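Student: sharing a model prediction with you, sequence too.
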Amino acid sequence: MSLNRKAVALLSGGLDSTLAVKLMIDQGIDMTAVHFTSVFCNCTPKKAGCKMQARKVAEEFNVPIRVIHKGMDYIKMVERPPHGHGSGMNPCVDCRIYMLRQVKEMMPELGASFVITGEVLGQRPMSQQRHAINLIERESGLTGLILRPLSALHFDPTRPEREGIVDREKLLAMSGRTRKPQFALAEHLGVKDYPCPAGGCLLTDKVIAARLRDLFAHQPDYTHTDLVLLTMGRHLRLRPDLKVILGRTKEENERILHLAKPGQVLFTPENFRGPTALAIGEIDEKAERTIGEIIATYSQDKTNTYLIAKQTSTGEATLYAAATERLSRKNWDECRVG
């Protein structure tokens with residue numbers, strides 16, 4: 001069956017995928033952009049995030065976009081990826097397979113016959129080496145149907161090229177980890193706003209990776225909320241069955257209060273400035289005092305006695321004196337997760 005001029009474009013919101021989409025627009029390809037998002041997206045963390053950047057690019061290029069959240073099936077894959085992790089907990093090869101399989105299922109509905117990505121040969125050590133690219137194509141079921149405009153000349157012609165839908169002479173031969181060719185192309189094409197040049201994934205972060213391993217090891221019934229909590233605060237594992245999360249800022253304290261689930265216990269400072277703490281696991285009197293001492297350790301004030309309010313999921317609150325002095329933070333180094 002011959003192909004048509006409709007394609008699905010993976011649009012991360014980063015520079016590479018933005019440039020790939022622009023090159024295909026200039027060749028008159030009719031595209032629907034698909035953006036995959038997850039709690040571990042780290043693009044433009046101080047702005048609106050990957051999703052909003054991808055939407056902005058799609059709107060600017062007048063391309064329809066669909067946003068797909070990577071669900072718990074994705075997280076279960078992250079836990080045990082068939083092709084392994086990278087330097088952190090990033091399952092880059094399996095992540096690409098996961099996304100492309102979903103895209104393949106969407107193609108008949110969208111009337112699309114091939115896929116466009118912003119991949120650059122050799123740019124990423126795990127998923128953009130030639131052997132990995134071939135593996136991903138094969139296992140996604142899209143062999144010959146994935147067009148990479150930025151580095152197409154390093155590969156055999158895809159079906160869209162062979163059938164004359166895409167002009168191969170207008171495709172590029174970028175490779176390696178340098179970003180200079182992309183920056184030059186962006187300037188040439190008038191692409192100016194790319195706050196996340198290479199994309200971003202917190203699964204490559206050593207701190208997040210350590211927290212995720214800890215979650216998998218100690219809390220098999222984790223939920224989406226537990227994953228969100230991994231991205232904020234300080235995490236201390238006091239016992240195999242007890243973890244404490246402390247806010248580092250006013251905003252994190254408020255989010256921790258909001259994200260507490262039934263059965264979990266909150267601890268807040270009463271007569272001093274300090275972090276809110278969320279306890280996940282079994283609480284006893286010794287643990288209560290330890291948590292209070294930790295909160296006092298990370299406080300901003302000195303006082304004769306540090307008073308802590310303990311609040312259960314029923315809303316019942318009790319007040320107790322946790323400490324008379326702030327301890328050194330080194331006391332809790334061995335408990336830190338990530």
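Tutor: Sure, I can see it. Numbering: from 1, shown residues only.

Student: and Leu142, which of the three is it?
Tutor: Using DSSP: H, G, I helix; E, B strand; the rest coil, the structure places Leu142 in coil.

Student: ditto for Ala321
Tutor: Using three-state DSSP, the structure places Ala321 in strand.

Student: leaving out sequence neighbours, find the closest residue to it.
Tutor: Sequence neighbours aside, Thr305 is the residue nearest to Ala321 in space, at 4.9 Å (criterion: C-beta to C-beta, 6 or more residues apart in numbering). Heads up, the C-betas are built off the backbone N, CA and C, glycines and all.

Student: that neighbour reaches Leu319, doesn't it?
Tutor: No. Contact criterion C-beta atoms under 8 Å: Thr305 and Leu319 do not qualify, at 11.1 Å.

Student: tell me the buried residues in stretch 270-279?
Tutor: Of all the residues in stretch 270-279, those buried under the rule 16 or more other C-beta atoms under 10 Å are Asn271, Phe272, Gly274, Pro275, Thr276, Ala277, Leu278, Ala279.

Student: looking at the residues you listed, which one is closest to Gln27?
Tutor: Leu278 (51.8 Å; C-beta to C-beta).

Student: that closest one and Asp226 touch, don't they?
Tutor: No. Between Leu278 and Asp226 there is no contact under C-beta under 8 Å: 10.7 Å.

Student: regarding Arg289, what is its secondary structure?
Tutor: helix.

Student: need the pLDDT of it.
Tutor: At Arg289, the model reports a pLDDT of 94.

Student: gap between it and Phe272?
Tutor: 16 Å (C-beta to C-beta, to the nearest Å).

Student: so where's this structure uncertain?
Tutor: 43-50, 195-199 (pLDDT under 70).

Student: strands along that one, start to end?
Tutor: 6-10, 30-37, 65-69, 114-116, 146-147, 234-239, 242-246, 265-269, 277-281, 306-311, 317-323 (DSSP state E).

Student: out of those, flag the one nearest Leu23.
Tutor: Nearest of the strands of the chain (C-beta to C-beta): strand 114-116, 8.7 Å.

Student: which outside residues touch the closest one?
Tutor: If you take C-beta atoms under 8 Å, 6 or more residues apart in numbering as the criterion, strand 114-116 is touched by 3, 7-10, 20-21, 24, 29, 31, 100, 103-104, 107, 142, 145-149, 158-160, 165.

Student: these, buried ones only, as a ChimeraX selection?
Tutor: The ChimeraX command for the buried members of these (criterion: 16+ other C-beta under 10 Å) is given here:
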select :3,7,8,9,10,20,21,24,29,31,100,103,104,107,142,145,146,147,148,149,158,159,160,165
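
Student: for stretch 179-194, what is the distance to the chain centroid?
Tutor: 24 Å (C-alpha atoms, centre = their mean, to the nearest Å).

Student: dump that stretch to CSV, restricted to CA.
Tutor: Output in CSV follows, covering the C-alpha atoms of stretch 179-194 (Å, rounded to 0.1, in the frame of the first residue of the first chain):
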residue,chain,number,x,y,z
ARG,A,179,24.4,21.5,19.4
LYS,A,180,25.9,24.1,17.1
PRO,A,181,24.3,22.8,13.8
GLN,A,182,20.9,22.9,15.5
PHE,A,183,21.4,26.5,16.8
ALA,A,184,22.5,27.6,13.3
LEU,A,185,19.5,25.9,11.7
ALA,A,186,17.2,27.5,14.2
GLU,A,187,18.5,30.9,13.4
HIS,A,188,18.2,30.2,9.7
LEU,A,189,14.6,29.0,10.0
GLY,A,190,13.6,31.8,12.4
VAL,A,191,13.0,29.4,15.4
LYS,A,192,13.8,31.6,18.4
ASP,A,193,12.1,30.3,21.6
TYR,A,194,13.5,26.9,22.6
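
Student: may I see the buried residues of that stretch?
Tutor: In stretch 179-194, counting by 16+ other C-beta under 10 Å, buried: Arg179, Pro181, Gln182, Leu185, Ala186, Val191, Tyr194.

Student: please report the distance of Leu189 from Thr18.
Tutor: Applying C-beta to C-beta to Leu189 and Thr18 gives a distance of 9 Å.

Student: burial count for Lys302?
Tutor: Residues lying near Lys302 (other C-beta atoms under 10 Å) number 10.

Student: residue contacts, it?
Tutor: Arg326.

Student: with the one 4 residues further on instead?
Tutor: Contact partners of Tyr306, counting by C-beta under 8 Å, 6+ apart, are 269, 271-272, 274, 292, 295-296, 299, 321-324, 326.
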